[in-house]
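Q: Next input, structure requested:
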Amino acid sequence: MMQLYRIDAYALRAVGASKAAVEFEAILRMISVSLRATTQGERWHALERHWPDEADAHDVMSEVADNDIQSALEQHVAENEAFYLALV
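A: Reported below is the predicted structural model:
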């Protein structure tokens with residue numbers, strides 16, 4: 001049986017992308033339903049059903065949030081370079 005997890009901003013905060021997490025949390029509050037981490041298709045359909053018009057302005061990450069995620073991921077990879085090189 002597939003285990004379901006609630007979608008939230010935990011992963012963004014865990015990698016240090018707190019600015020992006022704030023934006024993502026704002027979107028989740030606008031949607032105001034609990035999204036489950038099931039399949040991509042199921043999440044997409046849930047978003048289509050519950051997406052409010054006022055969320056359209058936030059349909060794309062801000063440049064600040066995008067840079068925040070990019071920086072956090074680059075730092076994560078640099079800190080774990082040996083692990084990622086071992087995957088090759």
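
Q: contacts and neighbour counts: CA atoms only from here.
A: OK.

Q: least trustworthy helix or strand in this protein by mean pLDDT?
A: helix 40-50 (a mean of 82; mean pLDDT, DSSP states H and E).

Q: what residues does that helix touch?
A: Residues external to helix 40-50 that are found in contact with it (C-alpha atoms under 8 Å, 6 or more residues apart in numbering): 31-33, 35-37.

Q: Quick check: which of the residues you listed has the minimum pLDDT.
A: The lowest pLDDT within the contacts of helix 40-50 belongs to Ala37, with 64.

Q: now this protein, which segments are flagged as low pLDDT?
A: With pLDDT under 70 as the threshold, the chain has low-confidence stretches at 1-7, 37.

Q: what's the spacing between the helix or strand encompassing Ala21 and its chain's center?
A: In this structure, Ala21 sits in helix 18-31 according to DSSP states H and E. Averaging C-alpha positions (C-alpha atoms, centre = their mean, to the nearest Å) puts helix 18-31 9 Å from its chain's average.

Q: Show me which residues of that helix are buried.
A: Within helix 18-31, the residues that qualify as buried by neighbour count (16 or more other C-alpha atoms under 10 Å) are 18-21, 23-24, 27-28, 30-31.

Q: Export these as JSON lines, with columns for distance to Gln75.
A: As requested, the buried residues of helix 18-31 are arranged in JSON lines below (distance: C-alpha to C-alpha, whole Å):
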{"residue": "Ser18", "distance to Gln75": "14"}
{"residue": "Lys19", "distance to Gln75": "15"}
{"residue": "Ala20", "distance to Gln75": "15"}
{"residue": "Ala21", "distance to Gln75": "17"}
{"residue": "Glu23", "distance to Gln75": "21"}
{"residue": "Phe24", "distance to Gln75": "21"}
{"residue": "Ile27", "distance to Gln75": "26"}
{"residue": "Leu28", "distance to Gln75": "26"}
{"residue": "Met30", "distance to Gln75": "31"}
{"residue": "Ile31", "distance to Gln75": "31"}
